[in-house]
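*Asks:* Dropping the sequence and predicted coords here.
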Amino acid sequence: MAYTPEVRTEAFELYLLGNSPAAIAKELRRRHPGADTPSAGTLERWAYVPDASGKTWSERRYDAERAAQEAVTTDFVAAKQKHLAGLLKLQGRLEARALDAAASAEQGNMSQEIYAYVNVTKATAKMLDVDLAEQARVKDAVDCLMEAIRRVVPKFDAAYGVKVRAEFERLVAAKAPNP
């Protein structure tokens with residue numbers, strides 16, 4: 001039986017939310033009482049037959065999840081950069097004011113400004129340490145992957161170890177967001 005493009009789209013959207021074909025069929029029956037809705041078997045065929053772009057539902061879901069993750073990462077990096085730029089600007093202002101106060105020997109507000117400067121410097125250092133921690137995490141991931149391959153593939157190190165590690169690190173660096 002032919003189903004409308006709307007029903008197919010609705011079924012795919014339910015699939016994107018992580019529903020199984022059986023759960024999608026049940027939900028479509030609930031949403032459209034009395035209408036002819038696809039069975040779980042039909043939905044399963046739809047999920048495994050490539051569409052016009054040559055992708056199955058699983059591949060399309062993976063692409064959507066990856067795009068969403070990239071968007072979140074991009075937004076996070078942009079917000080972090082904006083915050084860090086603000087901290088660095090504030091640090092520069094506070095540093096200039098502290099040096100001016102020291103030069104003119106004002107004692108009243110100088111200690112407060114130096115205290116503020118120290119706090120902003122600490123916050124900036126923490127922001128920068130996040131980058132170092134991420135780099136260490138990526139290096140640890142590479143090390144774990146290489147160790148797993150060594151354990152599974154006999155004589156891996158002798159034949160491919162250095163080449164695979166270099167290529168993997170190159171790919172990770174290429175995909176890493178540029179701060």
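*Replies:* In hand now; what should we look at?
*Asks:* what is the rounded mean pLDDT of the longest helix belonging to the chain?
*Replies:* Counting residues, the longest helix found in the chain (DSSP state H) is helix 57-104. Per-residue pLDDT over helix 57-104 has a mean of 79.
*Asks:* Not counting sequence-adjacent ones, nearest residue to residue 48?
*Replies:* residue 56 (5.7 Å; C-beta to C-beta, 6 or more residues apart in numbering). Where C-beta positions appear, they are placed from N, C-alpha and C, glycine not excepted.
*Asks:* quick one on the thing from earlier: helices or strands next to the longest helix of the chain in the packing?
*Replies:* Judged by 3 or more C-beta pairs under 8 Å, 6 or more residues apart in numbering; DSSP states H and E, helix 57-104 is in contact with helix 5-16, helix 40-48, helix 110-152.
*Asks:* Of the ones you listed, which shows the lowest average pLDDT?
*Replies:* With a mean of 66, helix 110-152 has the lowest mean pLDDT of those.
*Asks:* burial measure for residue 168, as a count.
*Replies:* 15 (other C-beta atoms under 10 Å).
*Asks:* Which helix or strand contains it?
*Replies:* Applying DSSP states H and E as the criterion places residue 168 in helix 162-175.
*Asks:* And that helix, what does it pack against?
*Replies:* helix 110-152.
*Asks:* For the nearest residue to residue 27 once chain neighbours are set aside, give me its contacts.
*Replies:* Nearest non-adjacent residue to residue 27, counting by C-beta to C-beta, 6+ apart: residue 14, 5.8 Å away. When contacts are counted by C-beta atoms under 8 Å, 6 or more residues apart in numbering, residue 14 touches 23-24, 27-28.
*Asks:* swap in residue 47?
*Replies:* Counting by C-beta under 8 Å, 6+ apart, the residues that residue 47 touches are 15, 21, 56-58.
*Asks:* By neighbours, which of these wins?
*Replies:* residue 21 (22 neighbours).
*Asks:* Would you mind confirming that it is in contact with residue 43?
*Replies:* Yes: assessed by C-beta atoms under 8 Å, residue 21 is found in contact with residue 43 at 3.8 Å.
*Asks:* Need the overlap of contacts for these two.
*Replies:* Common neighbours of residue 21 and residue 43 (C-beta under 8 Å, 6+ apart) are residue 15.
*Asks:* hang on, the earlier thing: isn't the residue nearest to residue 48 up against residue 46?
*Replies:* No: counting by C-beta under 8 Å, residue 56 sits too far from residue 46 to count as a contact (9.1 Å).
*Asks:* related to what we said a few turns ago, mind checking how far the residue nearest to residue 27 is from residue 44?
*Replies:* 13 Å (C-beta to C-beta, to the nearest Å).
*Asks:* Count the residues that sit near residue 73.
*Replies:* 13.
*Asks:* Against residue 171, how distant is it?
*Replies:* 16 Å.
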